[in-house]
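J.: Sequence plus predicted model, see below.
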Amino acid sequence: MGQANGRKSIFITGAASGMGRETALLFAREGWFVGAFDVQADLLKALEAEIGAANGLFQLLDVTDREAYRAAVGAFAAATGGKLDVLFNNAGIGRGGPYEDMSWDDVMAVINVNFVAVLSGIHLALPLLKATPGSLCFSTSSSSATFGMAGIAVYSATKHAVKGFTEALSIEMKAHGVRVADTLPGLIDTPLLPDTAKAAAPKEGMWRLVPARAVAEAVWGAYHTDKIHWYVPPELHDFDTQATAAPEAIRDAMAASGGILGGAENE
């Protein structure tokens, strides 16, 4: 197990692939100590080989297991001297289809991974964040938190919850000097996004396919600024504004287009 030895540090869930992996690689290149946590053992080992065992802590973690999460935070604290510059709550799953057709187990799995685990992880890591000047609590929300999207209703609901929780904590944590922000990714080119969705993505506009590195760059940018919401791509901000101002128009447009104007894929 590596030791931070005074380096800045980042704790990433869902770190073994996609956006989490790109974030781990970017911060490692910048000289940070990386805590990489995931349920994918082989991919986690590959990430460790690329970054180097001395430059991070690489551990299996089911974010829905609170005691395992507590142990992971404890191990990270032992490696960093009780400091944490960035917590990146990125782990998530996407199970969709019409809500009426979803099993209750799938409904609860999405809620437990995408939202309850975010609550749990932040709750456990707050003492470290509060002990670290200039720290950032950063979470993965989604473009589906701009307006609820048919076909991924529960996923969308969890991402709305992450966005709202981010905004609330951004106020509460100011007293402790902890910044709180999130990213709202659109269509991100990761292994989790089906090839059919990648092929169907437009070449331009807010629903174009964006590389996972763009989200990693958003995390990096968030650490160096005070902005709350990071839209990837940036045009999604305009869609969020439109959805707030005229939700009926967005609803009708989505219904006319078959239910989904775009989508989100993360982790």
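T.: Happy to help now that I have it.
J.: what's the burial count for M1?
T.: For M1, the tally of surrounding residues (other Cβ atoms under 10 Å) stands at 12. For the C-beta atoms, the positions are set from N, CA and C on the backbone; glycine is no exception.
J.: please begin residue numbering at 860 from this point
T.: Yep, numbering from 860; the last one is M860 now.
J.: ok, now which ones touch the closest residue to it other than its chain neighbours?
T.: The spatial neighbour of M860 that comes closest, neighbours along the chain excluded (Cβ to Cβ, 6 or more residues apart in numbering), is L916 at 5.8 Å. Applying Cβ atoms under 8 Å, 6 or more residues apart in numbering to L916 gives the contacts M860, G861, F892, V893, G894, A895, A934, F935, A938.
J.: now do L985
T.: Contact partners of L985, counting by Cβ under 8 Å, 6+ apart, are C996, V1037.
J.: ditto for G915
T.: Shown in contact with G915 (Cβ under 8 Å, 6+ apart): G861, A883, A887, F892, V893, G894, A895, E907.
J.: ok, the residues you listed vs A1102, which is closest?
T.: Within these, the smallest distance to A1102 is 31.9 Å, found for A883 (Cβ to Cβ).
J.: Surely that closest one is in a helix?
T.: Yes. Read with DSSP: H, G, I helix; E, B strand; the rest coil, A883 is one of the residues of a helix.
J.: on that earlier part again, okay, now the sheet partners of the helix or strand that contains the residue nearest to M860, with direction.
T.: Of the helices and strands defined by DSSP states H and E, L916 is found in strand 915-919. Based on DSSP bridges, the pairing partners of strand 915-919 within the sheet are strand 892-897 (parallel).
J.: Tell me the helix or strand right after the strand it pairs with.
T.: Counting by DSSP H and E, the element that comes right after strand 892-897 along the chain is helix 900-910.
J.: still on that earlier bit, columns pLDDT and distance to F997 on top of the contacts of L916, output as TSV?
T.: Compiled in TSV, the contacts of L916 are given as follows (pLDDT from 0 to 100; distance: Cβ to Cβ, whole Å):
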residue	pLDDT	distance to F997
M860	73	24
G861	90	22
F892	98	16
V893	98	14
G894	98	13
A895	98	15
A934	98	20
F935	98	16
A938	98	20
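J.: Mark which of the residues you listed are buried, thanks.
T.: Buried subset of the contacts of L916 (neighbour count, 16 or more other Cβ atoms under 10 Å): G861, F892, V893, G894, A895, A934, F935, A938.
J.: Now the second one. Nearest residue, chain neighbours left out?
T.: In this structure, F892 finds its nearest non-sequential neighbour in A863, 3.9 Å apart by Cβ to Cβ, 6+ apart.
J.: roughly how far apart are the one you found and G890?
T.: Distance, A863 to G890, by Cβ to Cβ, to the nearest Å: 11 Å.
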